[in-house]
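Asks: Quick one: sequence and predicted model below, then my questions.
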Amino acid sequence: MNLTGNKNIFTIAYPICLTLIAQNIINVTDTAFLGHVSEVALGASAIGGMFYIAVYIVGFGFSQGAQILIGRRNGEKNYAKVGDIFNNALLFNILLGIIVFVLSYFGIPRIIRFLVSSENVYDAALEYLDWRIYGFFFSFFNIMFRSLYVGITKTRILTVSAIITSVTNVFLDYAFIFGNFGCPEMGIAGAAIASVVAEAVTFVFLLCCTIFTSHAKRYALFKFAKVDWKIIRQTLDLSIFIMFQFMISTSTWFLFFIFIERMGERPLAITNIGRSLYMLLMIPGVALSTTVSTLVSNLIGAGRKPEVIPFINRMIKVSLLFVVPIMTFTFLFPNLFSCIYTDDLELIQASTQVIRVVSVAMVFCAVGNIIFNAVSGTGNTRTAFLIEFATMFFYIAYIYYTAIIHPTTTAVVWLSEFVYWLLIGGCGYWYLQKGNWQKKEI
């Protein structure tokens, strides 16, 4: 099989892309529905949602380490070892999910009270998170299934699972938020419950598909003879820096919303619209960068290290081919997108500049994402963490200055995305050209 051929790239990337589209239907639907409830609900869902993601990303980071190992062993055709990695990583992630649930259950009120200044936003965010944290029990399972199927380059099942998630969530959003189909009108709490149920349904689907297909036998999945601490330590050695890296980057994104909240409820509502569109426009770049990460790992596992840099350069060009037309359309017609989220004409007009900033930032995001995921795909997660950590310093400094020290407009604060992606992409590309990643063994 030609690992880096266009057909194989498309085979891996398009299910991931469809998966992300389906998942972001949830994001867009939640934001759009709550935008028609109130500006407070719209803004509070951003705070609550980002807190959930900031915690969830710890488990996701661990699964990324497992994905890199699975991709490497799959490239070596050591299929039995793939099962050992998955089984032990799954057990560890389940334990991790229980721990973060307990800590969140008791710690959320104090954390949100300390960070949020608006009493209305505080109450609404707590109402959301009181229900949303139950999703940890299912999402920490689901991300391990994702790491398995991306690692073995069998991603079509993820497309189906994402469609199931999105359809379930959209239907229940409409039922629970507005009180349709005989359900009580629950507002922001309804959005949280819908998301938890959707994750539970997805878990059942992925579990059944994995057990009742040839994958379970081929890779010796769910055969727990004993806990292999060596594999868990090896996965942690890779993933600990990814976990810290993701936790820092997502926590910084969470702080972004906290700083914006200090500017007022209207800027927070605008920022949630920007965030929702941002996540939607990121889809092509994220799908390709995930493909780059797993194919870089597979290339190295197959002993084809000289092909890595040319492959990354080619994928950057492919990414731009997808992203630039989308960026152009979004920049020229921002109001078409803001109308999805609200019918408030003042809010629509106020969102225009942020949407334009987001659209241009997508170009830098697409390139930076591919480069940074390539660094992680080499197995040099310590280097990836250090790049992320250094970048975060400048990113936070810019946000803090423009939102708190010398308050400007919401659009100017959003220019921080250019700071982030220029630094992370530039440092990552320098490392790939000059670093010692070719000597890394995992």
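Replies: Here it is on my side, so go on.

Asks: any idea how far Leu126 is from Ile188?
Replies: Distance check for Leu126 against Ile188: by CB to CB, to the nearest Å, it reads 10 Å. (Each C-beta comes from the backbone N, C-alpha and C, glycine too.)

Asks: ugh, wrong one, Thr202
Replies: Distance from Thr202 to Ile188, by CB to CB: 22 Å.

Asks: repeat for Thr409
Replies: 27 Å.

Asks: and if you look at Ile98?
Replies: Following CB to CB, the distance that separates Ile98 from Ile188 is 26 Å.

Asks: So which of those two has more stuff around it?
Replies: Shown here are Ile98 and Ile188; by other CB atoms under 10 Å, Ile188 has more neighbours (28 against 13).

Asks: okay, now Phe329: neighbour count?
Replies: Phe329, neighbours per other CB under 10 Å, totals 13.

Asks: buried sites along the helix or strand harbouring it?
Replies: Element membership for Phe329, per DSSP states H and E: helix 308-332. Using 16 or more other CB atoms under 10 Å as the test for burial, helix 308-332 gives 308, 311-312, 315-316, 318-320, 322-323, 326-327, 330.

Asks: before we move on, what about stretch 296-311?
Replies: 296-302, 308, 311.

Asks: cool, stretch 68-87 as well?
Replies: 68-75, 81-87.

Asks: which ones among the residues you listed are found in helices?
Replies: 68-75, 81-87 (DSSP state H).

Asks: ok, Asp344 - contacts?
Replies: Residues in contact with Asp344 (CB atoms under 8 Å, 6 or more residues apart in numbering) are Glu39.

Asks: Tell me how far the closest residue to Gly83 other than its chain neighbours lies from Cys209.
Replies: Excluding the flanking residues, the one nearest Gly83 by CB to CB, 6 or more residues apart in numbering is Ala220, at 3.4 Å. Applying CB to CB, the value for Ala220 to Cys209 is 17 Å.

Asks: And for Gly107?
Replies: Gly107 is 35 Å from Cys209, by CB to CB.

Asks: which one of those two has more residues nearby?
Replies: Cys209 (16 against 11).

Asks: Quick one: list the elements packing against the helix or strand where that one lies.
Replies: Secondary-structure assignment from DSSP H and E places Cys209 in helix 188-211. Applying 3 or more CB pairs under 8 Å, 6 or more residues apart in numbering; DSSP states H and E, we find helix 188-211 packed against helix 6-35, helix 39-75, helix 119-132, helix 136-151, helix 156-178.

Asks: Mean pLDDT and distance to Phe254 added to these, as JSON lines?
Replies: Shown next, in JSON lines, are the helices and strands packed on helix 188-211 (pLDDT from 0 to 100; distance: least, CB to CB, whole Å):
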{"stretch": "helix 6-35", "mean pLDDT": "72", "distance to Phe254": "16"}
{"stretch": "helix 39-75", "mean pLDDT": "83", "distance to Phe254": "4"}
{"stretch": "helix 119-132", "mean pLDDT": "91", "distance to Phe254": "12"}
{"stretch": "helix 136-151", "mean pLDDT": "90", "distance to Phe254": "16"}
{"stretch": "helix 156-178", "mean pLDDT": "89", "distance to Phe254": "22"}
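
Asks: Report the helix or strand with the lowest average pLDDT across this structure.
Replies: Every helix and strand in the chain was compared by mean pLDDT, DSSP states H and E; the lowest is helix 6-35, with a mean of 72.

Asks: what's Gln349 in contact with, if anything?
Replies: With CB under 8 Å, 6+ apart as the criterion, the residues that contact Gln349 are Asn335.
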